[in-house]
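A.B. asks: the sequence and its predicted three-dimensional model are supplied below.
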Amino acid sequence: MKTGFLYALVAFVGAFIFFELLALVIEAVSTIRFVPGRLEEVIGRIAWFLAFVAFVVGWIRQANRKTAKPPPPPPKPENLQPIDYSKLSQIFDDDRKT
């Protein structure tokens with residue numbers, strides 16, 4: 001979900017900046033005068049829509065990434081030797097005497 005929010009933030013900010021610059025260029029070149037509030041409303045709606053789409057795409061990518069990872073392999077056991085219980089008391093008794 002964090003990836004989805006990151007994608008949405010980048011898409012929203014990028015779309016907002018891009019469309020604001022595009023609006024400035026269109027107003028400078030065009031002979032038709034636009035109502036400033038209406039143009040910003042359209043730009044905002046487009047930016048929110050692109051942010052939503054980017055959020056969904058990021059969320060799906062993150063979900064696919066988690067399911068695609070195989071589980072980690074189990075740890076390898078150490079090289080264990082069988083225990084001879086008949087000699088166990090002798091081993092501990094020898095350590096205490098020294």
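C.D. replies: Here it is on my side, so go on. Numbers count the residues shown, from 1 in each chain.
A.B. asks: run through the chain and note the low-pLDDT ranges.
C.D. replies: 1, 36, 66-68, 91-98 (pLDDT under 70).
A.B. asks: and the helices in the protein?
C.D. replies: Taking DSSP state H to define them, one finds helices in the chain at 2-29, 36-68, 88-97.
A.B. asks: Q81: which of the ones you listed is closest?
C.D. replies: Q81 sits nearest to helix 88-97 of all the helices of the chain, at 12.9 Å, using CB to CB. The way it works is simple: take the backbone N, C-alpha and C, and place the C-beta from them, glycine included.
A.B. asks: follow-up on the earlier one: for E78, which of the helices of the chain is the nearest?
C.D. replies: Taking CB to CB, helix 88-97 is the member of the helices of the chain nearest to E78, at 18.9 Å.
A.B. asks: can you list the helices of the chain in CSV and add distance to L80 and mean neighbour count?
C.D. replies: Output for the helices of the chain, formatted as CSV (distance: least, CB to CB, whole Å; neighbours: other CB atoms under 10 Å):
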stretch, distance to L80, mean neighbour count
helix 2-29, 42, 14
helix 36-68, 35, 14
helix 88-97, 15, 8
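A.B. asks: for P77, find the nearest of these.
C.D. replies: Nearest of those (CB to CB): helix 88-97, 21.0 Å.
A.B. asks: before we move on, the earlier item: kindly present the helices of the chain as a markdown table, with separate columns for distance to Q81.
C.D. replies: What follows is the helices of the chain, written out as a markdown table (distance: least, CB to CB, whole Å):
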| stretch | distance to Q81 |
| --- | --- |
| helix 2-29 | 48 |
| helix 36-68 | 40 |
| helix 88-97 | 13 |
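A.B. asks: show me the contacts for P75.
C.D. replies: By CB atoms under 8 Å, 6 or more residues apart in numbering, the contact set of P75 is empty.
A.B. asks: that one and P82: what is the separation?
C.D. replies: Going from P75 to P82 by CB to CB, to the nearest Å gives 20 Å.
A.B. asks: also A15?
C.D. replies: On the measure of CB to CB, A15 and P82 end up 68 Å apart.
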